[in-house]
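*Asks:* Pasting a predicted model and its sequence here:
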Amino acid sequence: MKRIALWLLPLALLAAAAWWLLDGRAREVKLAAARVGEAVELAYATGFVEAEQPVTVSARITAPVRQVLVEEAERVVRGQPLILLDDEEQRHALQQIAAQRRLALQDERRILALFAKGWVTRAARDSAVAAADSARAAEESVQARLDQMVVRSGINGVVLRRDVEPGDLASPNRMLMTLGDPARIRITATVDERDVPKIHVGQAALMSSDAWPGRVLHGHVRGVTPGGDPQQRAFRARIVTDKPMALPLGMTLEVNIVTRRSTRALLVPASATENGKVWVVRDGRAHARAVRTGIAGSSDVQILSGLSRGELVITAAEGKISDNLRVRVAP
């Protein structure tokens, strides 16, 4: 018995050495279990806060600016004068046409009195009445032009932006001011054209700003503009907050629109998937498993089929993994 034991001892040592060599050559891997959790697909965009209905203020005629009556952040009411244009020419014209109108009215009264006594013809009376009516219309026209020299507010709101100073030349195609109501705001987000087909009205939007670290604002998509910008290859999504809140107009926000969500999704680490497959370990060797993936995030990927909850997959390996490769689990 002792002689047999002496022969068996070298064999045991050889087996241990072989196992050590094989295990030492096995590639070290880390495993993670497929788990159930929430999968969310997001479309990233950048946005800014603006008034729900911003109003651009421009002059209806071209004239120098004589006086600006309001400042930025000042509240205004509908019909309030905002800008006075140089109206000296219109006032002179009004004085001249007013004198002509008075003369026409005097002629009208005189001709009507003579016509009543039968001293002038009906044609003379009609001509005098027409001249008086024309003079009245001309005065009203000049008065209307004079009224256009005062630029007024078209809404109740706040002066969001002022781009005019006394002495500037106002014209119909130049923006002088922007008005809006800070109580009625929206967020306009620039969305990449590749994400536009996935965005629909009602989808949740998560927004944040460097001004409020850790704070998340909740809103939803109210619409997407039908026309995009071919230069930026982007469209604009209109987003409103779920609850009324005061946000500084013009503030920039990072916007994440939830395009898809699954509350009970089978998840594996994103590093575990490779070309439509994952690697599972069986009997100390790696084996490829074909899977169908769904929502892909930065950290996790949803598995739609090919894997069950609790199964272990290789997360990341030092080097390339091949089928039937001997592996050992890292501590």
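*Replies:* Ah, there it is. Residues are numbered from 1 along each chain as shown.

*Asks:* switch to C-alpha atoms for all contacts and neighbour counts from now on
*Replies:* OK.

*Asks:* Walk me through which strands the helix or strand containing Thr56 pairs with, and which way each runs.
*Replies:* Secondary-structure assignment from DSSP states H and E places Thr56 in strand 55-57. Strand 55-57 has the following sheet partners, assigned by DSSP bridges: strand 177-180 (antiparallel).

*Asks:* quick one: the partner strand to chain centroid distance?
*Replies:* 19 Å (CA atoms, centre = their mean, to the nearest Å).

*Asks:* and this structure, what are its domains?
*Replies:* Domain ranges of the chain: 27-38+264-329, 43-53+181-263, 55-178, per the TED database.

*Asks:* Quick check: end-to-end length of the last one?
*Replies:* End-to-end distance for domain 55-178, by CA to CA, to the nearest Å: 6 Å.

*Asks:* do the same with the shortest one
*Replies:* Distance across domain 27-38+264-329, first residue to last, is 8 Å (CA to CA).

*Asks:* could you give the mean pLDDT of that domain?
*Replies:* Rounded to a whole number, the mean pLDDT of domain 27-38+264-329 is 86.

*Asks:* Sketch out the low-pLDDT regions of this protein for me.
*Replies:* 1-25, 317-319 (pLDDT under 70).

*Asks:* middle-most residue in it, spatially?
*Replies:* Ala189 (1.5 Å; CA atoms, centre = their mean).

*Asks:* Show the subsequent helix or strand relative to the host helix or strand of Val29.
*Replies:* Here Val29, judged by DSSP H and E, is contained in strand 27-33. Following strand 27-33 in sequence order, the next helix or strand is strand 35-51 (DSSP H and E).

*Asks:* And that following strand, what does it pack against?
*Replies:* Packing contacts for strand 35-51, counted by 3 or more CA pairs under 8 Å, 6 or more residues apart in numbering; DSSP states H and E, involve strand 185-192, strand 252-269, strand 292-296, strand 300-305.

*Asks:* any idea of the angle it forms with strand 300-305?
*Replies:* With axes from the mean of the first three to the mean of the last three CA atoms, to 10 degrees defining the directions, strand 35-51 sits at 130 degrees from strand 300-305.

*Asks:* strands paired with strand 35-51, and their directions?
*Replies:* When DSSP bridges is applied, strand 35-51 pairs with strand 185-192 (antiparallel), strand 252-269 (antiparallel).

*Asks:* now for these, which one comes closest to Pro81?
*Replies:* Smallest distance to Pro81 across those (CA to CA): 24.5 Å, for strand 185-192.

*Asks:* orientation of the following helix or strand past that closest one relative to strand 35-51 in degrees?
*Replies:* Next along the chain after strand 185-192, taking DSSP H and E as the criterion, comes strand 204-208. Interaxial angle, strand 204-208 versus strand 35-51 (the same axes, to 10 degrees): 70 degrees.

*Asks:* can you list contacts of strand 204-208?
*Replies:* 214-221, 239, 253-259 (CA atoms under 8 Å, 6 or more residues apart in numbering).

*Asks:* For PyMOL, write the selection for the buried entries among those.
*Replies:* Command for PyMOL, covering only those of these found buried under the criterion 16 or more other CA atoms under 10 Å:
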select buried, resi 217+218+219+220+221+239+253+254+255+256+257+258+259
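
*Asks:* about what we covered before: what packs against the strand holding Val29?
*Replies:* For strand 27-33, the packing partners by 3+ CA pairs under 8 Å, 6+ apart are strand 252-269, strand 312-317, strand 327-329.

*Asks:* what distance separates the second one from the middle of the whole chain?
*Replies:* Put simply, strand 312-317 sits 39 Å off its chain's centre (CA atoms, centre = their mean).

*Asks:* Please name the strands paired to that strand in the sheet, noting orientation.
*Replies:* Strand 312-317 has these strand partners (DSSP bridges): strand 27-33 (antiparallel).

*Asks:* Please apply the same query to the last one.
*Replies:* In the sheet containing strand 327-329, the strands it pairs with under DSSP bridges are strand 27-33 (parallel).

*Asks:* list the helices and strands the lengthiest helix in the chain packs on?
*Replies:* The longest helix of the chain (DSSP state H) is helix 88-116. Using 3+ CA pairs under 8 Å, 6+ apart, the elements in contact with helix 88-116 are helix 122-147.

*Asks:* Show the subsequent helix or strand relative to the helix it packs on.
*Replies:* Next element after helix 122-147 (DSSP H and E): strand 150-152.

*Asks:* which residues touch that following strand?
*Replies:* Outside strand 150-152, the residues that reach it (CA under 8 Å, 6+ apart) are Val57, Ser58, Ala59, Arg78, Gly79, Gln80, Pro81, Leu82, Ile83, Leu84, Leu85.

*Asks:* That strand pairs with which strands?
*Replies:* Sheet pairing for strand 150-152, using DSSP bridges, gives strand 81-85 (antiparallel).
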